[in-house]
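Peer 1: Pasting the sequence and the predicted coordinates here, then a few questions.
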Amino acid sequence: MKAVRIFAALLGVAMLAGGAAAQDNYERLARELTEAGASLENKKIAIIPFAHADGRAVTKDGAVVSERLTIKMINTRKFEIIERSVLDKVMDELKLQNTGAIDATSAKELGKVLGVEAIITGTLVETSSGKIEVNARLIKTETAQAIGASQVTVEKDWIGDAPTQMPAQQQAQQPQVYQPQQAAKPAAPRQRHPNEYGYFDIFLGGGSRNIDITYENTNANLSSAWLGISAPSFTGAREVKLEQAEGSGVGPIGMRVGGFGKGAIGGAFEFSANSHIVEPQTVSGTRNGLTSTFVLSPTANHLEMTSFGFVGNLFVRHAGKTVDPYFGIGLGLSLNRVYMPTVTGYTGTTSSPTRPVDQMGVGLIFNMPIGVRIKLDPKTQIVAEMRYELNSVSFDRDIAGESDSINSDGVRFLVGMGFGF
C-alpha cells in the first residue's frame, strides 16, 4: 500500500509538472516576443489569431493559442494590447480574413487604423503526438518586417478542431455519413480603389459677362421706341442686334454630385443659378445688316435675366494623393426669366403691347471647366475652378413673327467645398 501511495504521488507531481510546462511555454512565447520588441517606440501592439500552416479555414486552435498568449503578454506589462473585440471589428471593416495570413499591405492598414507599431501572428502545426507546435512572429506594421520569432510546443487541452488526418485503421471504421451541400458563401463586396470616390460640391462663383441680344421680326415692325433704344430713332426694321454689351451679375451659385473611377475619367451633374444684367450704355451692333451704334434707354436696365441651369459634365483628371487637377466639358439646359424694363411686348393678359417684357425662355448651356480638387481628408475637399460658360436663350416677346435671342458668355471663377462619399 505504501508503494501504491508513493506511485500515485509521483504521478500527480508529473501531471502538475506537465501542466506547468505547458503554461511555461506560453510564458516563454511572451517573454521572447517581449524581448524582441524592446526597441519599439510605440508600445501598442495587436495579436492576430493564429492560422494552421496547412491553410485550413479559421479554427478554434488559433483563437485559443492567441487568447492565451494575449493574457501572458498583458501580464508582462510591457505593451498595450488591442482588445480582441476592437481588433475583430477593424479586420472586418478592412475586409481582412481573420486567419493570421497578413501580407505587407494588410499589416500597414492595421497599423494605420489601430495605431499599432507591431502585430503578433503565426502558424500552428499538429504533431504526430497530438500536440500543437506554435510558430510566432513579431512583425513591424510599417515595413512588414519580422523583428522577432519564437517556437514552442503546447498541449492541446481544449475541445474542438479535430486533427486534419486520422489513422488509416480509424478511417476504415468510420461509417459514411451523407453531408448536405452547404450553400455558397456570398461574394465579398468589391473593395474600392484608392483613386475612386464620389463627391457632393457646393460652390460660389462670378466673372465677366458679354451679352448679345438679337431681335428679329418677319413683319419688319421693329422700332427703337419698342426696343428701349434712345438713339438712333428708327421704325420698320426686320433685324436689330446689340453686340458685346457689357454685362454684370452674380453666379454661378450651386451644387453638383459626381465621382471618379479608378482611372482618369469622371462625371458630375450640376444645378446652378446665375444673374445677367445689361445696364444703360452705348453698344455696337447692326440694323438690317448695317453697322450701327445704339444708345440704350437711361431710365432703367435694358435686361435683368435670372437663369437656372441643369448641366451634365464629363471630366478628365490626373489622380494624385492630395491634389486632383482636372478639365472637362459640360452641356445642359437652362430655364430663364427674361425681364426687360424698357422693352415693349405682350406681357400677361394685356391686349396691347406694354412694358416691361417679362417672359420665361428656354436656353442651352455649354461650359469648359479647368480646376483642381484639394483633398483635406478622405471626406473633405476644396474645389477651385475657372470655366468658360455660354448660355443661349430664346424668347419672342409674344409678338407674331418674332424670334429673339440672348447669348451671355464669359469666364467664371468658382470656389467651393466638396464632401466625399
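Peer 2: Received it, and whenever you're ready, just let me know what you need. Numbering: from 1, shown residues only.

Peer 1: Only C-alpha atoms from now on, for both contacts and neighbour counts.
Peer 2: Noted.

Peer 1: Next secondary structure after the helix or strand of the chain with the lowest mean pLDDT?
Peer 2: Taking mean pLDDT, DSSP states H and E as the measure, helix 168-173 is the helix or strand of the chain with the lowest mean score, a mean of 44. Scanning the chain past helix 168-173 towards its C-terminal end, the next helix or strand to appear is strand 197-207 (assignment: DSSP states H and E).

Peer 1: Quick one: mean pLDDT over the next helix or strand after that next one.
Peer 2: For strand 197-207, the following helix or strand on the C-terminal side (DSSP H and E) is strand 209-216. When pLDDT is averaged over strand 209-216, the result is 97.

Peer 1: Stretch 408-415 now?
Peer 2: In this model, stretch 408-415 has an average pLDDT of 97.

Peer 1: can you list contacts of that stretch?
Peer 2: The set of residues external to stretch 408-415 that reach it, using CA atoms under 8 Å, 6 or more residues apart in numbering, is 203-212, 252, 276, 382-392.

Peer 1: Where does pLDDT dip in the stretch 201-350 of the chain?
Peer 2: When residues are selected by pLDDT under 70, those of the stretch 201-350 of the chain lie in 348-350.

Peer 1: What segments of it are helices?
Peer 2: Under the criterion DSSP state H, counting those that start in this stretch, the stretch 201-350 of the chain contains no helices.

Peer 1: how about the strands in it?
Peer 2: 209-216, 229-231, 239-248, 253-260, 265-278, 282-287, 290-296, 303-317, 323-340 (DSSP state E, counting those that start in this stretch).

Peer 1: Now do the top strand by length along the chain and strand 323-340, the angle between them.
Peer 2: Among the elements of the chain assigned as strand by DSSP state E, the one spanning the most residues is strand 357-377. With axes from the mean of the first three to the mean of the last three CA atoms, to 10 degrees defining the directions, strand 357-377 sits at 170 degrees from strand 323-340.

Peer 1: next helix or strand past strand 357-377?
Peer 2: Tracing the chain C-terminally past strand 357-377 and defining elements by DSSP H and E, one meets strand 380-395 next.

Peer 1: which other residues reach that next one?
Peer 2: With contact meaning CA under 8 Å, 6+ apart, strand 380-395 is reached by 334, 336, 359-376, 403-420.

Peer 1: One more: stretch 148-165?
Peer 2: Identification of contacts with stretch 148-165 by CA under 8 Å, 6+ apart yields 22, 25-26, 28-29, 32-33, 36-37, 59-61, 126, 130-139.

Peer 1: can the strands of the stretch 201-350 of the chain go into CSV with extra columns for mean neighbour count and distance to R192?
Peer 2: As requested, these are exported to CSV (neighbours: other CA atoms under 10 Å; distance: least, CA to CA, whole Å):
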stretch, mean neighbour count, distance to R192
strand 209-216, 21, 42
strand 229-231, 17, 61
strand 239-248, 20, 44
strand 253-260, 19, 11
strand 265-278, 20, 15
strand 282-287, 17, 55
strand 290-296, 16, 58
strand 303-317, 20, 18
strand 323-340, 19, 18
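
Peer 1: closest one to L87 among those?
Peer 2: Checking these against L87 by CA to CA gives strand 253-260 as the closest, at 31.4 Å.

Peer 1: Which strands border that closest one, and is each parallel or antiparallel?
Peer 2: When pairs are called by DSSP bridges, strand 253-260 turns out to pair with strand 197-207 (antiparallel), strand 265-278 (antiparallel).
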